[in-house]
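A.B. asks: next input, structure requested:
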Amino acid sequence: MQYAHDPALLLARFQFAFTVGVHIIFPAFSIGLAAYLAVLEGLWLRTGRPVFLDLYRYWIKVFSIVFGMGVVSGLVMSYEFGTNWSIFSKKAGPITGVLLSYEVMTAFFLEAGFLGVMLFGMNKVGRKLHFAATCCVSVGTLISMTWILSSNSWMQTPRGYTIDPATGRFMPADWLAIIFNPSFPFRLVHMGLAAFLSVAFIVGATGAWHMLKARKAGKISSEPVRVMFSMAMWMAAIVAPLQILAGDAHGLNTLKYQPVKIAAMEGDWVSEDHAPELLFGIPNMKTEHTDYAIRLPLAGSLILTHSLNGKVPGMKDFPRDQRPPSPVIFFSFRIMVALGMLMMLVGLWSLWLRRNSTLFTNPVFHRVALCMAPAGFLALLCGWVTTEVGRQPWTVYGLLRTSDSVSPVALSSMAFSMTAFVVVYVLVFGSGLGILVRMLRRAPQEGEHDTPPGHATEILAARMHPGVIDPSTGKGA
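C.D. replies: Predicted structure coming up:
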């Protein structure tokens, strides 16, 4: 590929990949955790059970740290668009810049406006108002994801634009077509489910860790730990199969609009009917052949086209300078799929244990759940590598090359900034992750909340016997 010989361009791409790779973990964590907090507070208000408020208090502290790190890491990328990718910003800015500004005006303001109430207003505002604030923050994270994915999806499957012949800039012609571009719905669902699944396995691993500790000490794990673990395993059992179905639909969409990406993911060089599935191999971009290939007959056509005689594209169908680096996305895609299947198996295993009333007493399963803690985020990162590297050599697919998008920045400047980023990120976000680990090492306790003893029971009694007890004060009416 022509752009592969430019060291400054490669370093600019690696720098952006590094900062995005660090950043994406925190918004995904925030999306899933905000939804979890909304569910916990809703269950507490509906049932009056203190355990849900205990868990809310426990996880909201984690959320505050994760949300802050997400904001900080996201600001860096905004500057990178101007420093390292100014030509892309100039040409695609009339579309991508507007979409990202919508994200700020809607999602960020919504999150920022209610975050303070969510974090510090439990005892200062009414319970329903506080629950509304939690829901607003959760909805804000989803809206933020929607706008960002709309912008990124437009770069994958651009629609609704015209090109100014004088400047070469992409100008909006149809905002509905831009926002709801062909890949956007599939990527939105896939990313949303990935965020929920990632957080489910973090929550589940935390519960498993504390159950193993309690078992080692000869104790019974607390109710908050058991409830937390049970909820996480329900989420894994439900969402993991849905994620596989969503990934299949996304793959069909990619085959239609970005067939060369599919060819590179599969390591296929020649288009063919009745195509096999390459379970393993090492794609060789120079010899145009996948070495050491292990094939499963007919499975390629069946998986990609849902037909045994469906035609699967090959990379030789496309010019050499328009092919993405197959070795990278060949393996990132397979790691993502393997982790997805493993998460589904863990979810199904949990259902079997639940049926046999051994979900909380099986130490082998708890150890597996603990080891699965990073699985969701690793799968998410591999999915983004597959998506973004698979788009190469384009920033706007088929229209604007990556080599034509980079700023004219000297290699020495790029190397200095890359080194600075790595050092600062290791110090700042390494410290943040260390704080999170220390917070999660402490088990959620019964009575974690600030509600006076018996108050939640009185609130529940007020719902059962209206007019006897005032739910706002817990006192007799």
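
A.B. asks: the nearest residue to A34 once chain neighbours are set aside and P319, how far apart?
C.D. replies: Spatial nearest neighbour of A34, excluding adjacent residues (Cβ to Cβ, 6 or more residues apart in numbering): S138 at 4.0 Å. Glycine gets a C-beta too; all of them are placed from N, C-alpha and C. According to Cβ to Cβ, to the nearest Å, S138 stands 46 Å off from P319.

A.B. asks: of those two, who's got more company?
C.D. replies: S138 (24 against 9; other Cβ atoms under 10 Å).

A.B. asks: which helices and strands sit right next to the helix or strand harbouring L9?
C.D. replies: Taking DSSP states H and E as the criterion, L9 maps to helix 7-47. With contacts defined as 3 or more Cβ pairs under 8 Å, 6 or more residues apart in numbering; DSSP states H and E, helix 7-47 has these neighbours: helix 50-83, helix 127-156, helix 184-216, helix 375-389, helix 411-441.

A.B. asks: pLDDT of that helix, averaged?
C.D. replies: On average, the pLDDT along helix 7-47 is 90.

A.B. asks: the inter-axis angle of that helix versus helix 127-156?
C.D. replies: 150 degrees (axes from the mean of the first three to the mean of the last three Cα atoms, to 10 degrees).

A.B. asks: next, the angle from helix 7-47 to helix 184-216.
C.D. replies: Using the same axes, to 10 degrees: helix 7-47 against helix 184-216 is 70 degrees.

A.B. asks: pLDDT below threshold where in the protein?
C.D. replies: Counting by pLDDT under 70, the chain contains low-confidence ranges at 1-5, 447-477.

A.B. asks: can the helices and strands packed on helix 7-47 go into TSV with extra columns for distance to L359?
C.D. replies: Below are the helices and strands packed on helix 7-47 laid out as TSV (distance: least, Cβ to Cβ, whole Å):
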stretch	distance to L359
helix 50-83	16
helix 127-156	27
helix 184-216	10
helix 375-389	19
helix 411-441	20
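
A.B. asks: the ones you listed: which one's closest to P276?
C.D. replies: P276 lies closest to helix 375-389 among these, at 20.3 Å (Cβ to Cβ).

A.B. asks: immediately after the closest one, which helix or strand?
C.D. replies: Counting by DSSP H and E, what follows helix 375-389 is strand 394-396.

A.B. asks: which strands and helices sit next to that following strand?
C.D. replies: helix 86-103, strand 400-401.

A.B. asks: contacts for the shortest one?
C.D. replies: Residues external to strand 400-401 that are found in contact with it (Cβ atoms under 8 Å, 6 or more residues apart in numbering): 3, 88, 91-92, 170, 393-395.

A.B. asks: switch the residues you listed over to TSV; also include distance to V239 and neighbour count.
C.D. replies: Formatted as TSV, those follow (distance: Cβ to Cβ, whole Å; neighbours: other Cβ atoms under 10 Å):
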residue	distance to V239	neighbour count
Y3	38	16
F88	34	21
K91	38	22
A92	33	24
F170	36	23
P393	34	18
W394	32	20
T395	32	22
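
A.B. asks: taking these, tell me the two that lie furthest apart.
C.D. replies: Pairwise over the contacts of strand 400-401, using Cβ to Cβ, the maximum falls at Y3 and F170, 20.4 Å.

A.B. asks: what helix or strand is I294 on?
C.D. replies: Applying DSSP H and E, one finds I294 within strand 289-296.

A.B. asks: mind listing what's buried along that strand?
C.D. replies: 290, 295 (16 or more other Cβ atoms under 10 Å).

A.B. asks: that older thread, what's the angle between the helix holding L9 and helix 375-389?
C.D. replies: If you take the same axes, to 10 degrees, helix 7-47 sits at 140 degrees to helix 375-389.

A.B. asks: helix 411-441 and helix 7-47, what's the angle between them?
C.D. replies: Using the same axes, to 10 degrees, the inter-axis angle of helix 7-47 relative to helix 411-441 is 20 degrees.

A.B. asks: got the helices and strands packed on strand 394-396 as a markdown table, with distance to G218 columns?
C.D. replies: Putting the helices and strands packed on strand 394-396 into a markdown table (distance: least, Cβ to Cβ, whole Å) gives the following:
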| stretch | distance to G218 |
| --- | --- |
| helix 86-103 | 51 |
| strand 400-401 | 64 |
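
A.B. asks: between those, which gets nearest to L345?
C.D. replies: Distance to L345, taken as Cβ to Cβ, is lowest for helix 86-103 among these, at 35.8 Å.

A.B. asks: which secondary structure elements does that closest one contact?
C.D. replies: Contacts defined by 3+ Cβ pairs under 8 Å, 6+ apart place helix 86-103 against helix 50-83, helix 127-156, strand 170-172, helix 175-179, strand 394-396, strand 400-401.

A.B. asks: how about the strands in the stretch 201-350 of the chain?
C.D. replies: 277-284, 289-296 (DSSP state E, counting those that start in this stretch).

A.B. asks: need these in JSON lines (columns: distance to R215).
C.D. replies: What follows is those, written out as JSON lines (distance: least, Cβ to Cβ, whole Å):
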{"stretch": "strand 277-284", "distance to R215": "38"}
{"stretch": "strand 289-296", "distance to R215": "41"}
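
A.B. asks: nearest to G347, of these?
C.D. replies: strand 277-284 (23.4 Å).

A.B. asks: that closest one: partners in the sheet, and parallel or antiparallel?
C.D. replies: Here strand 277-284 has these sheet partners by DSSP bridges: strand 289-296 (antiparallel).

A.B. asks: send the alpha carbons of the strand it pairs with over as PDB?
C.D. replies: Extracted in PDB, the C-alpha atoms of strand 289-296 (Å, rounded to 0.1, in the frame of the first residue of the first chain):
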ATOM      1  CA  HIS A 289      -2.300 -15.800  -0.300                       C
ATOM      2  CA  THR A 290      -3.300 -17.000   3.200                       C
ATOM      3  CA  ASP A 291      -0.600 -19.300   4.500                       C
ATOM      4  CA  TYR A 292      -1.300 -22.200   6.900                       C
ATOM      5  CA  ALA A 293      -5.000 -22.000   6.200                       C
ATOM      6  CA  ILE A 294      -7.400 -24.300   8.000                       C
ATOM      7  CA  ARG A 295     -10.700 -24.300   6.200                       C
ATOM      8  CA  LEU A 296     -14.200 -25.400   7.000                       C
END
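
A.B. asks: about what we covered before: output the helices and strands packed on helix 86-103 as TSV; include the columns distance to F201.
C.D. replies: Below are the helices and strands packed on helix 86-103 laid out as TSV (distance: least, Cβ to Cβ, whole Å):
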stretch	distance to F201
helix 50-83	14
helix 127-156	18
strand 170-172	39
helix 175-179	31
strand 394-396	33
strand 400-401	37
